[in-house]
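1. fold the following, please.
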Amino acid sequence: MDQLPEGGTITTEQKDQIQLSDPAKLNADVVGLASALIKLEAISEWAGGTLHFDYGFASACMMLDASGMDMPSEDTGYNWYRDGLRLTDRTDTGENTYFFWNLFYNEIKMANDILKVAKADAEDPTMKKYRGQALGFRAWAYLNLIQIYQFTYKGHEDAPGVPIQTEFMTQEEAANNPRATVAKVYETIMTDLDEAISLLTTERQDKSQININVAYGLRARANLLMQNWEDAAKDATEAMKGFVPYTREQVSKPSFNSADVQSWMWANIIGETSDVVQSGILNFPSHMCSFTGNGYAPGYAGRYINSKLYNEIPENDVRKLWWVLGEAVYNPENPKEFWGYDFTETAPQVDWNWKINYRGNDYNIAEWLGWQAPYLNIKFGPYQNIYNNATNACDFPLMRVEEMILIKAEALAQQGLGGDAAIALKDLMKNRDESWNKSSVTVDDVWFQRRIELWGEGFSFFDMMRLKKPLDRTGANFAAGCAFNIPAESQILLWIIPEDEINNNKGITPEDNNEIVAIPKG
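-> Okay, the predicted model is just below:
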């Protein structure tokens, strides 16, 4: 019998044949790898309603940061990352853990579908490029998963990690797929990245795609996790070629909202017509940007820096201006200019006393903007740098050259090469604190710079886990019930594999899951 469908429906096999005959037709699937990272309401059907954190990878970064010790926020119902703040999202039926699992395994599925067509023996240059991107995205997904569901590589090589799904796996095998060891997952990551680097060039359609620089950057991250210090430094050096850090002037006012800077190596590119923008408030600026005209951040659920960390930042460091304490930051030559944003004729005037005078009345800036507490972030500027802009079409950084500088500096410091690490770190610090002139730095020195430079970009929790630091929120500006002090590598820090996966994967039993631990008292 002829089992191939007639009419407008084609099978997966037919689609593969079409793409093999014309590799350019695979482009839509490759573009989809980046598009999936900004997908709106990916799990809303599963959840039975709209979740205001369901807008892609930038939200995953906020979940991770909320679970760490560097981003306090209000313990209120307006805070969609409240469960991470409270550490109450470590359950097998929780929305957050299902969100993580769906986000990254969906990316792996998409990459595998491309790899079924763009095979290892492909000779066509376009097909090789597509294969390299698919391998890079797949490795990136596994690199996130393994850090969410298990402790860091060193000392846990034989611990259960996450299931590995490849393009060769049958449906039967996928339905009986146990947790691979941490070492095996990292082996898969490194194999993918090694091949991706051999296939990719600097060319790509835009910064939402992976090129050879990004692939080197991902391998630098993996090598840092595996404590392959020399390789981490080498890969970071290769990754940063062609990119330069933000200047001091660029970061002296709210920014980090556009990929059109030479610092950004890889990004979520967000357009005004993107679903997450059209949603209004289901997007990163809504939850993070204190200057948006449409979102939770201004006045409802702000994002703050740990006050202890803030107080350690030197006064000469321009990044101290990324959080509000009361210093006026504007151009005195133009009193209508506020952090680079031009007000209209009827807009308030700002003076050095951190007051706003509007129609003859003085207001405290925090009161005027609805800010309820000090240490509020103003790192992330609004769309097009327009104050109170209701359009939240800001790009989101996935990899910046500053991260590569920090990886190189840490890798050198980890080898005891403090002097060389200081020289490497100087490439960043000369654009942040002109008075910084250390002749040698330690691993903790570099970690301190990571906590400041990469704040709000999804790195702080993973860094804490990688460096085996305790989760210490005491003595800072965390809500009373969330001021935990949890020892390093406590089980409460790991997320739980979703119940849905255990129900559908015979290779994982409830006993194989991570331990559900009672929430500690703040």
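
2. could you list the low-pLDDT ranges of the stretch 301-450 of the chain?
-> 325-373 (pLDDT under 70).

3. against residue 493, how distant is residue 146?
-> Applying C-beta to C-beta, to the nearest Å, the value for residue 146 to residue 493 is 14 Å. C-beta: built from backbone N, CA, C; applies to glycine.

4. whichever helix in the chain runs longest packs against which elements?
-> Using DSSP state H, we find that the single longest helix of the chain is helix 125-149. Other helices and strands packing on helix 125-149, by 3 or more C-beta pairs under 8 Å, 6 or more residues apart in numbering; DSSP states H and E, are helix 27-35, helix 95-117, helix 182-199, helix 212-225, helix 460-466.

5. compare residue 146 and residue 493 (neighbour count), which wins?
-> Remark: of residue 146 and residue 493, residue 146 carries more neighbours, 25 against 21, as counted by other C-beta atoms under 10 Å.

6. pretty sure that one is touching residue 187, no?
-> No - using C-beta atoms under 8 Å as the test, residue 146 is too far from residue 187 to be in contact (11.1 Å).

7. so what sits against both of the two?
-> Overlap of the contact sets of residue 146 and residue 187 (by C-beta atoms under 8 Å, 6 or more residues apart in numbering) is empty.

8. next up, the contacts around the closest residue to residue 284 other than its chain neighbours.
-> Nearest residue to residue 284 in three dimensions, chain neighbours excluded: residue 58, at 4.1 Å (C-beta to C-beta, 6 or more residues apart in numbering). Each residue near residue 58 by C-beta under 8 Å, 6+ apart is listed here: 38, 268, 283, 284, 396, 458.

9. who wins for neighbours among the residues you listed?
-> residue 283 (30 neighbours).

10. ok, residue 440 - how many residues close by?
-> For residue 440, the count of nearby residues is 13 (other C-beta under 10 Å).

11. find the nearest non-adjacent residue to it, please.
-> Nearest residue to residue 440, sequence neighbours excluded (C-beta to C-beta, 6+ apart): residue 418, at 3.5 Å.

12. now for that neighbour, how many residues are close by?
-> Around residue 418 there are 18 other residues, counting by other C-beta under 10 Å.

13. what of residue 66?
-> Using other C-beta under 10 Å, residue 66 has 28 neighbouring residues.

14. is it correct that it is in contact with residue 81?
-> Yes - here residue 66 reaches residue 81: they are 4.0 Å apart, a contact under C-beta under 8 Å.

15. who touches both of these two?
-> residue 73.

16. hey, C-alpha coordinates of stretch 191-199 in PDB?
-> The C-alpha trace of stretch 191-199 is given here as PDB (Å, rounded to 0.1, in the frame of the first residue of the first chain):
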ATOM      1  CA  THR A 191      32.000  17.000  21.400                       C
ATOM      2  CA  ASP A 192      29.300  19.200  20.000                       C
ATOM      3  CA  LEU A 193      31.300  22.400  20.500                       C
ATOM      4  CA  ASP A 194      34.500  20.900  19.100                       C
ATOM      5  CA  GLU A 195      32.700  20.000  15.900                       C
ATOM      6  CA  ALA A 196      30.800  23.300  15.800                       C
ATOM      7  CA  ILE A 197      34.100  25.300  16.000                       C
ATOM      8  CA  SER A 198      35.400  23.200  13.100                       C
ATOM      9  CA  LEU A 199      32.400  24.100  11.000                       C
END
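
17. look at residue 293 and report its pLDDT.
-> Note on residue 293: pLDDT of 87.

18. which residues touch it?
-> Residue 293 neighbours (C-beta under 8 Å, 6+ apart): 382, 387, 388, 389, 390.

19. residue 126 versus that one, what's the distance?
-> Residue 293 sits 43 Å away from residue 126, taking C-beta to C-beta as the criterion.

20. turn the contacts of residue 293 into JSON lines, columns for distance to residue 173.
-> JSON lines is the format used below for these (distance: C-beta to C-beta, whole Å):
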{"residue": "382", "distance to residue 173": "48"}
{"residue": "387", "distance to residue 173": "54"}
{"residue": "388", "distance to residue 173": "53"}
{"residue": "389", "distance to residue 173": "49"}
{"residue": "390", "distance to residue 173": "49"}
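
21. can you tell me which of those residues are in helices?
-> For the contacts of residue 293, not one is inside helices, with DSSP H as the criterion.

22. report the buried members of the residues you listed.
-> Buried members of the contacts of residue 293, scored by 16 or more other C-beta atoms under 10 Å, are 382, 387, 389.

23. tell me the SS of the closest residue to residue 82 other than its chain neighbours?
-> Closest residue in space to residue 82, ignoring its immediate chain neighbours: residue 75 at 6.2 Å, by C-beta to C-beta, 6+ apart. Classification of residue 75 using DSSP: H, G, I helix; E, B strand; the rest coil returns coil.

24. show me what contacts residue 75?
-> For residue 75, the contact set (C-beta under 8 Å, 6+ apart) comprises 82, 85, 86, 479, 481, 482.

25. ok, the third one touching residue 520?
-> No - counting by C-beta under 8 Å, residue 86 sits too far from residue 520 to count as a contact (10.3 Å).

26. which of those two has more residues huddled nearby?
-> Per other C-beta under 10 Å, whichever of residue 86 and residue 520 has more neighbours is residue 86, with 18 against 12.

27. pull the number of nearby residues for the closest residue to the more buried one other than its chain neighbours.
-> Spatial nearest neighbour of residue 86, excluding adjacent residues (C-beta to C-beta, 6+ apart): residue 482 at 5.7 Å. Residues near residue 482, counting by other C-beta under 10 Å, number 19.

28. surely residue 482 touches residue 473?
-> Yes - with contacts counted by C-beta under 8 Å, residue 482 reaches residue 473, the gap being 6.6 Å.

29. phi and psi next, for residue 268.
-> phi -80, psi 120 (degrees, to the nearest 10).

30. before we move on, the earlier item: give the rounded mean pLDDT of the longest helix of the chain.
-> Averaged across helix 125-149, pLDDT comes to 98.

31. if we can go back for a sec, winner for burial among the helices and strands packed on helix 125-149?
-> Mean neighbour count (mean count of other C-beta atoms under 10 Å) peaks for helix 212-225 among those, with a mean of 25.

32. show me the contacts for the nearest residue to residue 499 once chain neighbours are set aside.
-> Using C-beta to C-beta, 6+ apart and skipping residues adjacent in sequence, the residue nearest residue 499 is residue 92, 4.3 Å away. Residue 92 is in contact with 496, 497, 498, 499, 502, 513, 516, counting by C-beta under 8 Å, 6+ apart.

33. residue 92 belongs to a helix, doesn't it?
-> No - under three-state DSSP, residue 92 falls outside any helix and is assigned coil.

34. buried residues in stretch 296-310, which are they?
-> Using 16+ other C-beta under 10 Å as the test for burial, stretch 296-310 gives 296-298, 300-307, 309-310.

35. and for stretch 379-395?
-> By neighbour count on 16+ other C-beta under 10 Å, the buried set for stretch 379-395 is 379-383, 385, 387, 389, 391-395.

36. and the furthest pair within those residues?
-> 379 and 391 (19.3 Å; C-beta to C-beta).
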